[in-house]
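Enquirer: Sequence and predicted structure, then a few things I'm wondering about:
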Amino acid sequence: MSQNTTYFVGVDNGGTLSKAAVFDAQGREIAVASRRVNTLTPRAGWSERDMETLWQDTAAAIRDAVQQSGVAPEQIRAIACTGHGNGLYPLGKNGKIIRNAINSNDSRAQSHIDRWLKNKIDEKVLPLTAQSLWAAQPAPLLAWLRDNEPDVFRDIETVLMAKDYIRYRLTGELRAEITDMSGTGLMNVVNRCYDNAVLEAYGIPEIARRLPPLVESTAIAGTITPAAANLTGLPAAIPVAGGMFDIDACALSSGILDSRQFSIVAGTWGNNQYIAREPLIDRDLFMTSCYAIPGWFLMLEGSPTSAGNLEWFLETFFAKERTDWGTQFYTRISQMVANVPPDASQIIFLPFLNGCNCGKLKGGFFNLDATHGQAALLRAVFEGVAFAHYQHIERLLKFRDFPDVIRLTGGAARDPVWCQLFADCIGAPVEVPAGSELGALGAAIVATVATGLHADVKEAVNAMTAIEKRYEPNPAATVIYRTKYAAYQTLIKKLKS
């Protein structure tokens, strides 16, 4: 590596992996390392993670990425973090860990949501929060802790999100970054600030003093402590930028700079989003949050109905093949799907294994018969995930024009067959950004702005991102998928009734 080159580190704490990547100033990925997140399920509907283990694993991923890159530590100029939104990462006095973190697919607080909806709390807070109410947001989780773990609730001194917790362990500074916190239902999104009226409506006004100061994505939110430097291999005292919500990170690394494009993240969650100058506040929209570009807002429809369903299917029914096929495993899975034409099977898969975007339905296969084998089931999973995304896109299209292009990221974007299926299903061109760790790249982008390498986010995005592949929709396949999608919707309506 040239001794004159500057490098940046991006960290991404998602639902299944903690990842770190080293990038050069042009956004080229130099090295990547990861650790699998150990999810704890002490009861049905609960999803937790050990916070100390999460930090140690994240620090190890950073250390591995730095070592594998061959970059001299003194060439690393800054670091920034991104991660999944919502859930709850509480800390006690002096940053003490007082319980496990709660993940964003946890459902223990659903009874609180049901009660709040019955009492029309959603109508009170919507004009301020610009978001729907759901069980894994911090507010219902805090209310659940108050009612079920009062000692823990009493001891909470700070409420953080995933990447804010990692940044705290890196810097020792307690901050909440604005794009992430604006997606929690705890903020006045329009005014970009905390609002006591929101907390009072939820019945948790005492949380106001436990919300840390807000920081912008591109602001310097601290520097690497000596202890963190020893664990991560990063130089002590280098800047740590505010970072951002992972949906913002993927949008930035996809080159989303105006409202002409849609961004789709097909990972553990299926996120479908666009940005605009004016915030959209509507009870039929899942969420509006602050975007990483000041003056812009991000409108999102999402649910845990995406590529995570395929991983469950493969782990459950393809365990032997995963071992036997080795590095060719996903290539051969993709080829199996490609060998089944879109109109060859009428199997419908509902991708609701981890949650639903249309009520309280569970997942399942329908229209099976004795002629169907593994390949037909795989194609049904691919299609069912695409249909769940399209259902969210239909909701967004009630508020805006059809996009010029779809920018696709997440696990599905690595599979060309799945990318083409998305293009055919939606009926729009699908573009895949260059790079494999786009969340981490989004974090690195804001790190370059925080250190002054780029004047603003737009300049950094233009300098550090590129489109690698484009998939044009096949009109004949789109007609087939419109028919299959109608059957998918009919099935959902019948099951709900």
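Expert: Thanks, I have it.

Enquirer: Quickly find the element holding the residue nearest to A101 when sequence neighbours are not counted.
Expert: The shortest distance from A101 to any non-neighbouring residue, by CB to CB, 6 or more residues apart in numbering, is to Y89 (4.6 Å). The C-beta positions use only the backbone N, C-alpha and C, and glycine is treated the same way. Applying DSSP states H and E as the criterion places Y89 in strand 89-91.

Enquirer: hmm, who's touching that strand?
Expert: Contact with strand 89-91 is made by 51, 97-99, 101, 145, 152, 156-162, 164-165, 168, 174, as judged by CB atoms under 8 Å, 6 or more residues apart in numbering.

Enquirer: Stretch 100-110 too?
Expert: 15, 39-40, 43, 45-51, 54, 84-90, 135-136, 140-141, 143-144, 162, 165, 268-269, 304, 354-355.

Enquirer: Over to stretch 182-197?
Expert: Residues outside stretch 182-197 that contact it (CB under 8 Å, 6+ apart) are 85-86, 125, 128-131, 133, 137-139, 159, 161, 178, 181, 198-199, 205, 207-208, 211, 214, 245, 247, 279, 281, 287-290, 297, 300.

Enquirer: Buried subset of the residues you listed as a ChimeraX selection?
Expert: Provided next is the ChimeraX selection string for whichever of these are buried by 16 or more other CB atoms under 10 Å:
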select :85,86,125,128,129,130,131,133,137,138,139,159,161,178,181,198,199,207,211,214,245,247,279,281,287,288,289,290,297,300
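
Enquirer: Among the contacts of stretch 182-197, which lie within strands?
Expert: Assignment to strands by DSSP state E places the following of the contacts of stretch 182-197 there: V159, L214, F245, M287, T288, S289, C290, F297, L300.

Enquirer: I figured the fifth one was touching S132, is that so?
Expert: Yep, that's T288 we're talking about. No: proximity of T288 to S132 does not meet the contact threshold set by CB atoms under 8 Å, at 10.1 Å.

Enquirer: who's in contact with the nearest residue to L300 once chain neighbours are set aside?
Expert: Ranked by CB to CB, 6+ apart and with sequence neighbours excluded, the top spatial neighbour of L300 is Q273, at 4.3 Å. Listed by CB under 8 Å, 6+ apart, the contact partners of Q273 are I247, A251, F262, S263, I264, V265, L298, M299, L300, E301, G302, L396.

Enquirer: which of the residues you listed lies closest to L491?
Expert: Comparing the contacts of Q273 against L491 with CB to CB picks out E301 as the nearest, at 20.3 Å.

Enquirer: I figured the closest one hits W269, correct?
Expert: No: in this structure E301 lies outside contact range of W269 using CB under 8 Å: 10.9 Å.

Enquirer: ok, these two, which is more surrounded?
Expert: W269 (26 against 23; other CB atoms under 10 Å).

Enquirer: Okay, the more buried one and Y202: tell me how far apart.
Expert: To Y202, W269 is 23 Å away according to CB to CB, to the nearest Å.

Enquirer: returning to what we had before: out of the contacts of stretch 100-110, which are buried?
Expert: Among the contacts of stretch 100-110, those buried by neighbour count (16+ other CB under 10 Å) are 15, 46-51, 54, 84-90, 135-136, 140-141, 143-144, 162, 165, 268-269, 304, 354-355.

Enquirer: show me the contacts for P403.
Expert: Listed by CB under 8 Å, 6+ apart, the contact set of P403 reads R260, Q261, F262, Y274, A428.

Enquirer: Repeat the analysis, applying 6 Å as the threshold.
Expert: Listed by CB atoms under 6 Å, 6 or more residues apart in numbering, the contact partners of P403 are Q261, F262.

Enquirer: and what of the one 10 residues further on?
Expert: Contacts for A413 (CB under 6 Å, 6+ apart) come out as V432.

Enquirer: In three-state terms, how would it be classified?
Expert: Going by DSSP: H, G, I helix; E, B strand; the rest coil, the secondary structure assigned to A413 is helix.

Enquirer: Could you check how far it is from R283?
Expert: Counting by CB to CB, the gap between A413 and R283 amounts to 31 Å.

Enquirer: And for V66?
Expert: Separation of V66 from R283 (CB to CB): 46 Å.

Enquirer: For the two, indicate the residue with more neighbours.
Expert: Counting neighbours by other CB under 10 Å for V66 and for R283 shows that V66 has the greater number, 25 against 8.

Enquirer: how about the nearest residue to the more buried one, chain neighbours excluded?
Expert: G233 (4.4 Å).

Enquirer: Could you tell me how many residues sit around the one you found?
Expert: Close neighbours of G233, defined as other CB under 10 Å, add up to 18.

Enquirer: hang on, the earlier thing: which among the contacts of strand 89-91 end up buried?
Expert: 51, 98-99, 101, 145, 156-162, 164-165, 168, 174.
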